[in-house]
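A.B. asks: give me coordinates for this.
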Amino acid sequence: MVALKVFVYLLLLCCKRAELVSTANENIRNTDDCTYEDARFGRIDLSEVGLKDGVPAFRNLEKGDYFYSYNPCYSFTEKPLCNDVAACQIYKDGSISFPLGYNSFATWSISETGNASLIYSVDVM
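C.D. replies: So this is what the prediction gives:
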């Protein structure tokens, strides 16, 4: 989960398509993983970053013994166990995969200084 959190942080910091636009509206917190908006820090919109065709925008990023894939806004399917996910971890030999988060289980967190985090989770039974 730490690797995904770091990855999302890097995505928000490095991606030129994510927009932060100043606004004077009341605080608005969206419950999806595409947008966040509030009166103090503005708007973040990831809708143009994610791919809509079921393929992750960021695919097979290597870290240690695993590959990681991520797609904001739109779910994708990869390997047997990563169905309709936002993020997936796959063992390098392809034998095991783990859903790391679903688009429907996303929470935005904005620090007092305006640093944005997008936190995904899975429904563990």
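A.B. asks: strands paired with the strand or helix carrying residue 62, and their directions?
C.D. replies: Using DSSP states H and E, residue 62 sits within strand 58-63. Counting by DSSP bridges, the strands paired with strand 58-63 are strand 66-70 (antiparallel).
A.B. asks: parallel or antiparallel, list what pairs with the following helix or strand past the strand it pairs with.
C.D. replies: Where DSSP H and E defines the elements, the next helix or strand beyond strand 66-70 is strand 76-78. Strand 76-78 has these partner strands in its sheet, going by DSSP bridges: strand 82-85 (antiparallel).
A.B. asks: give me the next element, helix or strand, following the strand it pairs with.
C.D. replies: Beyond strand 82-85 in the direction of the C-terminus, DSSP H and E gives the next helix or strand as strand 87-91.
A.B. asks: low-confidence ranges, the protein, go.
C.D. replies: By pLDDT under 70, the low-scoring segments of the chain are 1-32, 124-125.
A.B. asks: what about residue 104, which SS state?
C.D. replies: helix (DSSP: H, G, I helix; E, B strand; the rest coil).
A.B. asks: count the neighbours of it for me.
C.D. replies: Residue 104 has 14 neighbours, counted by other C-beta atoms under 10 Å. C-beta: built from backbone N, CA, C; applies to glycine.
A.B. asks: how about residue 100?
C.D. replies: Other residues within reach of residue 100, judged by other C-beta under 10 Å, total 22.
A.B. asks: could you do residue 65 as well?
C.D. replies: Residue 65 has 10 nearby residues by other C-beta under 10 Å.
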